[in-house]
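>>> this one's structure only:
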């Protein structure tokens with residue numbers, strides 16, 4: 001698995017991923033259409049990503065490329081998601097976290113990280129972006145994940 005987050009975080013100085021991508025595109029003098037074509041992504045998706053609009057929807061789009069299923073104890077393959085796609089409504093209706101089984105393994109989507117009052121703004125500086133089966137996901141630093149789980153009263157491996 002290729003870790004691209006260290007270089008992104010070192011250069012981004014804690015700004016959001018969408019702002020960092022936008023700044024790189026502008027520095028290179030490229031249009032959204034040019035970057036989208038080179039990256040093989042939909043230009044509307046890239047514009048949504050850069051503007052920070054519908055971040056939940058963008059995260060769902062990324063996770064959907066991993067064929068997610070609901071993680072249920074004692075059902076190793078998980079349970080099919082209603083509509084077969086993770087949607088913003090699924091995320092917004094969860095209070096803490098969503099457990100998923102994907103083709104790349106188990107994924108926890110943290111909705112409300114315990115102990116970080118500013119939410120993800122508190123976490124982005126120490127997080128990394130990793131390539132998971134061709135999908136780039138922002139992953140929390142291990143120390144932050146452990147601290148959040150301890151504050152929730154959960155074990156490190158649960």
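The structure has been received and is ready for your questions. Given the structure is predicted, the values throughout are model-derived calculations rather than measurements. Numbers count the residues shown, from 1 in each chain.
>>> When you work out contacts or count neighbours from here on, use the C-alpha atoms and nothing else.
Noted.
>>> low pLDDT regions in the protein?
Applying pLDDT under 70 to the chain flags the ranges 1-17, 52-55, 154-158.
>>> Please enumerate the strands of it.
Ranges of strands within the chain are 69-72, 75-79, 97-102, 105-110, 128-132, 135-139, based on DSSP state E.
>>> could the ones you listed be laid out in CSV, adding distance to residue 45 and mean neighbour count?
Below are these laid out as CSV (distance: least, Cα to Cα, whole Å; neighbours: other Cα atoms under 10 Å):
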stretch, distance to residue 45, mean neighbour count
strand 69-72, 23, 19
strand 75-79, 28, 14
strand 97-102, 22, 18
strand 105-110, 20, 16
strand 128-132, 18, 18
strand 135-139, 14, 16
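>>> can you list these in TSV and add distance to residue 91?
Converted to TSV, the strands of the chain look like this (distance: least, Cα to Cα, whole Å):
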stretch	distance to residue 91
strand 69-72	12
strand 75-79	16
strand 97-102	7
strand 105-110	8
strand 128-132	20
strand 135-139	16
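>>> Residue 56: which of the ones you listed is closest?
With Cα to Cα as the measure, strand 105-110 is the member of the strands of the chain nearest residue 56 (10.7 Å).
>>> How about residues contacting the closest one?
71, 96, 97, 98, 99, 100, 101 (Cα atoms under 8 Å, 6 or more residues apart in numbering).
>>> What distance do you get for the most far-flung residue of the chain relative to its centre to residue 20?
Outermost residue of the chain with respect to the C-alpha centroid, by Cα atoms, centre = their mean, is residue 29; its distance is 26.7 Å. Going from residue 29 to residue 20 by Cα to Cα, to the nearest Å gives 14 Å.
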